[in-house]
Every structure is written in structure tokens, then in C-alpha cells.
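Undergrad: let's see this in three dimensions:
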Amino acid sequence: MPRSQATQYTFSVLLLLASCAGFLLIGCSRQPVVEHNNLHLVASLRTACSAQNETWLLGVERAVVKRFDEGAMSETERDEFTRLIALAKSGDWQSAESACFSWEKAQLSRTRAAPDEDSHSHSHDHLHTHASEVGK
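TA: Got it, this is the predicted structure:
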């Protein structure tokens, strides 16, 4: 094989390996998906951290334990909440708040299971009004 072809082949293999490594790192560093019925807890945790309010923090911690014990939260979600709560408890409120914000932001384009119908206390039937019924 001529030298230029060998160099091009080596470069191509290295580029492929670097790309694979990059995809692995990106894929492995993604924030955990939060199920729809647990999203409010991320916001509550961020609020507790921004206010540096230990009472609110403990409230979120109790809610996370309850949701997990009820089977309404995955182990991955619980582990991330536990990590962020521990960060706040250590006194690094700012880093905990920043991590909560990043976790919240990461949920915007995520696919997740549809919310439980039982979690709604109201009907959406009023949203399906036909134009002929308006003003009656």
C-alpha cells in the first residue's frame, strides 16, 4: 500500500475511534429521564436549593423516598435526587441548584411515559367545544 493511502487509512481509523469514544461519552453522561409525574420534584428541589431552605430540602427528600417506595420512581431517578440532595446538605447549595437546573433543562426534549390519568383531578372535556356550541 502506498504511503499516502496508509496515512489516509490510519487517519480514517483514528477518526472513527475518536467518534465512537465521543458518542460513548455523550451517551453515558446524559441526565436521567424523569417521569412526568415526578417532574415537579425536580423543580421543588431546585427551589429548595435556590432558597437554601433545609426544611424544603427535607420535604423533597421525603417525597422522593415515598415515590420510590410506592414504585412511582425509578432507581435511576432516585439516585440522581439522592446525589443532588446530598450535595445541598453538604452546603454546596449553588452547585446543587445549578445541577437541578441542568437536569430540568435536559427534560425538555425527552420522551417519557404518558402521565397517569389518576394524577388529574379535573376533566379536559371542556376543551373540546365545537364552534356551533360557542355562545350558547
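
Undergrad: elements contacting the helix or strand hosting S98?
TA: Using DSSP states H and E, S98 sits within helix 93-106. Judged by 3 or more C-beta pairs under 8 Å, 6 or more residues apart in numbering; DSSP states H and E, the packing partners of helix 93-106 are helix 39-51, helix 75-89. The way it works is simple: take the backbone N, C-alpha and C, and place the C-beta from them, glycine included.

Undergrad: quick check: angle from it to helix 39-51?
TA: With axes from the mean of the first three to the mean of the last three C-alpha atoms, to 10 degrees applied, the angle from helix 93-106 to helix 39-51 works out at 150 degrees.

Undergrad: what residues does helix 93-106 touch?
TA: Here helix 93-106 makes contact (C-beta atoms under 8 Å, 6 or more residues apart in numbering) with 30-32, 34, 42-43, 45-46, 49-50, 52, 80, 84-85, 87-88.

Undergrad: what's the closest non-adjacent residue to E75?
TA: Leaving out its chain neighbours, the residue that sits closest to E75 by C-beta to C-beta, 6 or more residues apart in numbering is F68, at 7.6 Å.
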